[in-house]
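In: give the three-dimensional model of this entry:
(one chain, ligands or ions: 2)
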Amino acid sequence: MGLIQESIDLAINGNRRELARLLSSIESGARIPLKTSKPWVLGVTGPPGVGKSTLIGTMIDEWVSRGEKVAVLAVDPSSPKSGGALLADRMRMSSADSSKSVFVRSLATRNHPGGLIPFLDSMINLLSLCGWSRIIIETVGSGQSEIRIVAFADRVMLVDGPDRGDIIQAEKAGIMELADLIVINKSDLPNALNASNSIKNSFSYSEKDSNKMVLLTSALNNEGISDLINEIERLKINNERNSLRMKERLLSAWDYLLLSNPSFNEILLDLESGKINLDEALGRL
Ligand SMILES: Nc1nc2c(ncn2[C@@H]2O[C@H](COP(=O)(O)OP(=O)(O)OP(=O)(O)O)[C@@H](O)[C@H]2O)c(=O)[nH]1
Ligand SMILES: [Mg+2]
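Out: Ligands and ions are numbered 1, 2, ... in the order given. Predicted structure coming up:
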């Protein structure tokens with residue numbers, strides 16, 4: 001306990017090695033006692049290859065120039081050249097001063113069959129306590145598990161490309177519902193404006209979506225980034241979406257509890273062999 005407190009104090013005073021070590025301990029199951037702080041978290045998700053990491057890189061530059069300290073948790077970076085590694089390379093190349101204001105960490109869900117839930121919250125709290133004023137969670141895709149991860153953020157940004165197929169995917173998965181802000185990246189490509197107009201058009205028919213922002217950016221040409229940051233800073237917590245997010249958080253905590261029940265596998269076997277039925281299995285759990 002004393003040692004851990006010492007380590008937390010060092011991390012709070014800016015020791016990045018200590019911070020990294022604490023994050024690893026949390027990832028391997030340690031419960032670290034933290035004073036509560038109010039973290040600022042943005043969840044970023046969207047289909048593979050739409051430019052999330054590149055865009056986050058430009059957003060970091062903008063935030064750092066405004067005096068913020070930005071930490072990124074890249075969940076399941078799909079290739080070593082994207083996600084965490086891409087951002088880390090980028091930060092190494094930028095000036096020493098700005099790299100002091102940036103912290104990037106990759107997380108792999110495959111190491112955690114029960115999901116990231118038990119430690120994502122603690123990691124975010126620790127980062128916030130250590131002075132990281134803007135915390136970003138990047139995930140790839142728009143399925144159920146991504147929804148559950150971005151539900152840990154109080155603000156959610158969906159990034160899409162100019163390709164209509166990607167957008168339909170997001171609508172199907174329900175991530176569109178959860179997002180406060182939709183960004184069509186690659187605005188330098190021909191179909192981007194069309195894609196953005198068609199989303200705006202579909203929102204205009206629905207009362208709950210009519211105030212949802214749709215923005216165009218080109219991470220490649222650094223266009224639209226400052227406007228994007230302005231809009232994100234201005235976002236108000238939307239009660240309806242907030243309650244959707246709370247529901248996802250509760251459901252994932254519940255799933256985790258269920259999966260980590262020591263009798264789970266035994267009950268599963270009894271179900272398989274027909275010894276018990278579903279109701280009885282639930283009762284035992
Ligand atoms: N034309 C164009 N290309 C872009 C833009 N932003 C990113 N790219 C390119 O798109 C490709 C994918 O970029 P990433 O930033 O790795 O995309 P990602 O969404 O993080 O990818 P995953 O993490 O693998 O899902 C790279 O080749 C980028 O250079 C943009 O605004 N315009
Ligand atoms: Mg990426």
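
In: okay, buried residues for the helix or strand D255 falls within please.
Out: Element membership for D255, per DSSP states H and E: helix 239-259. Neighbour counts using 16 or more other C-beta atoms under 10 Å place 241, 244-245, 248-249, 252, 256 of helix 239-259 among the buried residues. For the C-beta atoms, the positions are set from N, CA and C on the backbone; glycine is no exception.

In: sec struct for the spatially most central residue of the chain, please.
Out: With distances taken as C-alpha atoms, centre = their mean, the residue of the chain nearest its centroid is I137 (2.8 Å). Three-state call for I137 (DSSP: H, G, I helix; E, B strand; the rest coil): strand.

In: per-residue confidence at it?
Out: Listed pLDDT for I137 reads 93.

In: from the buried residues of helix 239-259, pick the one nearest L126.
Out: Taking C-beta to C-beta as the measure, L126 lies nearest R249 of the buried residues of helix 239-259, at 18.1 Å.

In: tally of neighbours for the closest residue in space to the closest one that isn't next to it in sequence?
Out: Excluding its sequence neighbours, the residue lying closest to R249 (C-beta to C-beta, 6 or more residues apart in numbering) is A151, at 5.3 Å. Using other C-beta atoms under 10 Å, A151 has 24 neighbouring residues.

In: kindly report the domain assignment for this protein.
Out: Per the record, the chain has its domains at 1-33, 36-240, by automatic domain parsing.

In: ok, back up a step: distance of the residue nearest to R249 relative to ligand 2?
Out: A151 is 19 Å from ligand 2, where distance means C-beta to the ion, to the nearest Å.

In: what's near enough to touch that residue?
Out: The contact partners of A151, by C-beta atoms under 8 Å, 6 or more residues apart in numbering, come to 43, 178, 244-246, 248-249, 252.

In: ok, those residues vs ligand 2, which is closest?
Out: Using C-beta to the ion, G43 is the member of the contacts of A151 that sits closest to ligand 2, with 13.6 Å.

In: which elements pack onto the helix holding D255?
Out: Counting contacts by 3 or more C-beta pairs under 8 Å, 6 or more residues apart in numbering; DSSP states H and E, helix 239-259 packs against helix 117-129, helix 144-150, helix 175-178.
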